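> I need the structure of the sequence given here:
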Amino acid sequence: MTTEYGSIDLHQAAEFFRNIGKTVTIYEIKENDLMIGGVIVINNIITGLIVHWKYRNRGIGGSLIKIMQTTHNHLLLQCRKELLPYYNKFGFQIDKPTEVDPNSYITNQLYHMKWVKT
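Coordinates of the predicted model:
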């Protein structure tokens with residue numbers, strides 16, 4: 001999939017993590033053989049939920065989250081502050097903000113979020 005950050009091959013990324021002993025699950029949504037949304041879950045951590053830019057704001061990311069929630073007992077992720085309300089809609093709660101080094105080049109504080117199946 002091509003994103004604003006470049007080309008992403010979820011299967012190639014998953015293979016890398018499997019080779020170093022991680023448990024990896026890939027979720028994809030396709031339309032006419034084009035992957036329009038996807039995510040990799042590594043050891044219950046959501047990494048890189050992506051939706052093709054032409055298909056955003058159509059519920060595809062939410063569908064991926066709901067699919068993950070049917071197959072996992074708990075999930076973790078990190079996100080920027082402006083995405084907190086989005087993930088709250090799916091039952092994710094802030095676990096803790098990350099500690100930001102004042103001398104770091106990173107300017108956006110990330111928040112650890114968790115979801116637990118009830």
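> Helix, strand or coil: sort out the closest residue to residue 51 other than its chain neighbours for me.
Leaving aside its sequence neighbours, residue 51 sits nearest to residue 37 (C-beta to C-beta, 6 or more residues apart in numbering; 4.4 Å). C-betas here are computed from N, CA, C, even on glycine. Put simply, residue 37 is strand when judged by DSSP: H, G, I helix; E, B strand; the rest coil.
> Tell me who's in contact with residue 37.
Contacts of residue 37 were listed using C-beta atoms under 8 Å, 6 or more residues apart in numbering, and they are 28-29, 50-52, 55, 60-61, 63-64.
> List the ones among these that fall in strands.
Per DSSP state E, strands hold the following members of the contacts of residue 37: 28-29, 50-51.
> What would I type in PyMOL if I wanted to highlight the buried members of these and nothing else?
The buried subset of these, as determined by 16 or more other C-beta atoms under 10 Å, is captured in PyMOL by this line:
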select buried, resi 29+50+51
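> Out of the ones in strands among the contacts of residue 37, the closest to residue 112 would be?
residue 50 (19.9 Å; C-beta to C-beta).
> The closest one contacts residue 29, correct?
No. Contact criterion C-beta atoms under 8 Å: residue 50 and residue 29 do not qualify, at 10.6 Å.
> Which neighbours do those two have in common?
What both residue 50 and residue 29 touch, as defined by C-beta under 8 Å, 6+ apart, is the set 37-38.
> so how far is residue 117 from the residue nearest to residue 51?
22 Å (C-beta to C-beta, to the nearest Å).
> Please name the bridge partners of residue 27.
Beta bridges link residue 27 to residue 39, judged by DSSP bridges.
> which regions of this structure lie under the pLDDT threshold?
1-8, 97, 99-108 (pLDDT under 70).
> Quick one: the strands in it, in order.
2-3, 6-7, 24-31, 34-42, 45-51, 74-80, 93-97, 110-116.
> Next up, the contacts around residue 96.
If you count contacts by C-beta under 8 Å, 6+ apart, then residue 96 has 111-112 around it.
> Sweet, I'm off.
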